[in-house]
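Student: I would like the atomic coordinates for the input below:
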Amino acid sequence: MLGGAKVMLSTVTAPGAMTSVLDGLKPPGQLLVIGASADPIQVPPIALIMRSIAVQGRASGTSQDSEDTLRFSALTGVRPMVETMPLSQAEAAYGRMMSGDARFRMVLTMN
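Tutor: Down below sits the predicted model:
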């Protein structure tokens with residue numbers, strides 16, 4: 001069991017991926033879900049009770065949400081984890097993303 005994060009923000013739309021990070025929460029941790037899916041998240045009740053973790057959802061995507069997020073990131077030093085590829089390799093970057101081989105977000109660079 002990992003158990004070091006107080007809060008995890010899930011932007012993915014794959015419920016299995018959301019479930020897989022629960023062990024990374026430190027009691028009393030919270031998984032905040034903003035990635036929409038019609039499929040259920042599998043959360044063992046024992047994790048909710050014994051580890052005092054919570055799962056909460058929130059709609060996001062407004063311009064105010066984006067502004068608040070950027071302000072928070074600037075104030076707290078949050079930096080994204082990205083994988084970069086040159087624009088000339090956009091097709092390969094897309095392939096890595098679609099196959100699940102991209103470790104982080106794929107970002108195209110202009111060089």
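Student: now residue 26: how far from residue 58?
Tutor: The gap separating residue 26 from residue 58 is 21 Å, by C-beta to C-beta, to the nearest Å. C-beta coordinates here come from the backbone N, C-alpha and C atoms, glycine included.
Student: when the two are compared, which one has more neighbours?
Tutor: When residue 26 is set against residue 58 and neighbours are counted by other C-beta atoms under 10 Å, the residue ahead is residue 26, at 14 against 9.
Student: for the lengthiest helix in the chain, buried residues please.
Tutor: When the chain is parsed with DSSP state H, its longest helix is helix 63-76. Under the neighbour-count criterion of 16 or more other C-beta atoms under 10 Å, helix 63-76 has nothing buried.
Student: CA atoms of it as PDB?
Tutor: The C-alpha trace of helix 63-76 is given here as PDB (Å, rounded to 0.1, in the frame of the first residue of the first chain):
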ATOM      1  CA  SER A  63     -13.600  29.500 -17.500                       C
ATOM      2  CA  GLN A  64     -13.700  30.400 -13.800                       C
ATOM      3  CA  ASP A  65     -12.500  26.900 -12.900                       C
ATOM      4  CA  SER A  66      -9.600  27.300 -15.300                       C
ATOM      5  CA  GLU A  67      -8.700  30.600 -13.800                       C
ATOM      6  CA  ASP A  68      -8.900  29.300 -10.300                       C
ATOM      7  CA  THR A  69      -6.700  26.300 -11.200                       C
ATOM      8  CA  LEU A  70      -4.000  28.400 -12.800                       C
ATOM      9  CA  ARG A  71      -4.000  30.800  -9.800                       C
ATOM     10  CA  PHE A  72      -3.700  27.900  -7.400                       C
ATOM     11  CA  SER A  73      -0.900  26.300  -9.400                       C
ATOM     12  CA  ALA A  74       1.000  29.600  -9.600                       C
ATOM     13  CA  LEU A  75       0.600  30.200  -5.800                       C
ATOM     14  CA  THR A  76       1.600  26.700  -4.700                       C
END
